[in-house]
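Q: coords below, sequence missing:
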Ligand code: BES
Ligand code: MG
Ligand code: ZN
């Protein structure tokens, strides 16, 4: 799908012209700030009595000179927010795509009564590129999209300015789509060894020449690192674990350059291990590597955007399987930092992988660590599919993440870390245990467990993406089922701001 802007004088060549129409209030009054170029053919049509121009309503018309045009209702301009606009445009895009239209011309001015034309353009392009995603590699008959060209008519942007904007937006949307692909891939295909190879290949192609180094630790390396908690999760696996360690160094770097580290849970499939999940809860657990896919997506976007910060990204990858050699409940394992952990539930495995990965990352002495994980079912109980949980040890870091989420219209909400929760995971026989009381503050318990593996006073925040990672059927720019790519935009904003 090629996206371009066209200078105002060229004749309309597209199959479908798309025009925004506002409902200006009380008596179904409509108005359009259409480009003067389109005015002649459209003004009479815009007064269609039966078209209310409510947000999300559309009406197809034919202009006097035979041009197909889609009127897109935008509601009252006072009520429109960037997110309402993004969702609305994504819905319109899907219906246009389903209609098998091959080319579009968008009258940009008509959509920008409230937001500037440049901002309107950004949201439009973002919504189109995100809504255009599909995961159809396993469909023998693929639904080929006919939509090949989208042109925006505007006098506010030159072709070159638009091309620059599109490149920026694509850095983010292509990375979100990369995350979605990883989350959607089948677990029999995306095992740990394969996952590390896919990341390595992407680094060597997409991120080539951009200051990124990659190191992939295999089982022997991970043993040398004494990452016994991580290894215990992998104990029942046919595949070796992988710890992928990525480093980005910006072009301008000094000893004062801020160093941000991302750490992601990469459980390619979570059976629960010997604390086996019931069948109904096991389906969908291919998404349990979503934290690692999310932090990699954000790392990738930040590199493509030329972030000014030094960025480390650590992915802890394994599956959680049942086998004669598998980890059993009651085991006591010593983590990389020397703390002993009583494993009372092998299904609380994400925190075991992250524990050693966090300790490893602390040794790199970053200023900030942010981890992301599909860590707890309890997060879904607390927040549903809509909100990502954040917990951490540094108020200003959490505040900064709130700001980033707000900038890109994603939802995060903080949960507390309190002494009482810390006390809950004290073990009778070891330093700590890997679960708290059943059905009590599970998301925060996960976080206080992780807190044990943060050292050197590093500012740390944990994102529990169990809800937002997949199946966002309320968001038209995300697939109704499968990987969402959410939180990539929040993290990218944080990494580039
Ligand atoms: N990957 C799951 C978390 C999860 C469960 C995400 C359901 C989304 C939906 C994690 O490894 C897990 O199994 N957590 C347990 C922890 C419990 C044993 C303390 C959970 O949430 O049930
Ligand atoms: Mg589990
Ligand atoms: Zn898990």
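A: Noted; the coordinates are in hand. None of the values given here were measured: they were computed from a predicted structure. Ligands and ions are numbered 1, 2, ... in the order given.
Q: can you pull out the strands in the stretch 251-400 of the chain?
A: Taking DSSP state E, counting those that start in this stretch to define them, one finds strands in the stretch 251-400 of the chain at 259-270, 310-320, 331-334, 340-343, 368-373, 388-392.
Q: Partner strands of the fourth one and their direction?
A: It stands for strand 340-343. strand 331-334 (antiparallel), strand 432-433 (parallel) (DSSP bridges).
Q: Name the residue of the stretch 1-150 of the chain with the shortest distance to ligand 3.
A: The minimum distance from the stretch 1-150 of the chain to ligand 3, using CB to the ion, falls at residue 135 (21.5 Å). Quick note: C-beta positions are derived from backbone N, CA and C, even for glycine.
Q: Please name the nearest non-neighbouring residue to that residue.
A: Nearest residue to residue 135, sequence neighbours excluded (CB to CB, 6 or more residues apart in numbering): residue 184, at 4.3 Å.
Q: Relative to ligand 1, how far out is the closest residue to ligand 2 within the stretch 151-300 of the chain?
A: Nearest residue of the stretch 151-300 of the chain to ligand 2 (CB to the ion) works out as residue 270 at 4.4 Å. Remark: distance between residue 270 and ligand 1 (CB to the nearest ligand atom, to the nearest Å) = 5 Å.
Q: what residues are up against that residue?
A: Residue 270 sits next to 277, 282, 285, 288, 319-320, 347, 349-350 when contact means CB atoms under 8 Å, 6 or more residues apart in numbering.
Q: Quickly find the element holding residue 178.
A: Element membership for residue 178 (DSSP states H and E) is helix 159-184.
Q: Briefly note if that helix comes near ligand 1.
A: No: applying CB under 6 Å from any ligand atom, one finds helix 159-184 separated from ligand 1 by no less than 12.3 Å.
Q: now do stretch 279-298
A: Yes: counting by CB under 6 Å from any ligand atom, ligand 1 is contacted by stretch 279-298 at residue 288.
Q: Compute the first-to-last residue distance for that stretch.
A: End-to-end distance of stretch 279-298 (CA to CA, to the nearest Å): 32 Å.
Q: Could I get the contacting residues of residue 236?
A: For residue 236, the contacting residues are 273, 320-323, 325-327, taking CB under 8 Å, 6+ apart as the criterion.
Q: try 7 Å this time
A: Residue 236 is in contact with 273, 321-323, 325-327, counting by CB atoms under 7 Å, 6 or more residues apart in numbering.
Q: filter those to the buried ones?
A: Among the contacts of residue 236, the ones that count as buried by 16 or more other CB atoms under 10 Å are 273, 321-322, 326-327.
Q: Just the closest of those to ligand 1, please.
A: Minimum distance to ligand 1 across those is 9.3 Å, recorded for residue 273 (CB to the nearest ligand atom).
Q: How about the contacts made by the closest one?
A: Taking CB under 7 Å, 6+ apart, one finds 236, 320-322, 326-327, 346-347, 349 in contact with residue 273.
Q: so what's it closest to, chain neighbours aside?
A: Of all residues not flanking residue 273 in the chain, residue 346 sits nearest, at 3.2 Å (CB to CB, 6+ apart).
Q: same check, this time on residue 357
A: Leaving aside its sequence neighbours, residue 357 sits nearest to residue 316 (CB to CB, 6+ apart; 4.0 Å).
Q: Specify the beta-bridge partners of that neighbour.
A: Going by DSSP bridges, residue 316 is paired in beta bridges with residue 243, residue 265.
Q: how many other residues sit next to it?
A: Neighbours of residue 316 under the rule other CB atoms under 10 Å: 36.
Q: wait, it sits on residue 268?
A: No: counting by CB atoms under 7 Å, residue 316 stays clear of residue 268, with 11.0 Å between them.
Q: Quick check, the residue in the chain closest to ligand 1?
A: residue 377 (3.4 Å).
Q: how many other residues sit next to the closest residue to that residue other than its chain neighbours?
A: Excluding its sequence neighbours, the residue lying closest to residue 377 (CB to CB, 6+ apart) is residue 466, at 6.5 Å. For residue 466, the neighbour count with other CB under 10 Å is 29.
Q: Then the one 10 residues further on?
A: The burial metric for residue 476, expressed as a neighbour count using other CB under 10 Å, is 21.
Q: and it, what does it touch?
A: By CB under 7 Å, 6+ apart, residue 476 lies in contact with 87, 90-91, 94, 131.
Q: Try it again at 8 Å.
A: Contacts of residue 476 by CB under 8 Å, 6+ apart are 87-88, 90-91, 94, 131.
Q: which bits of the stretch 151-300 of the chain sit near ligand 2?
A: Contacts of the stretch 151-300 of the chain with ligand 2, taken as CB under 5 Å from the ion, map to residue 270.
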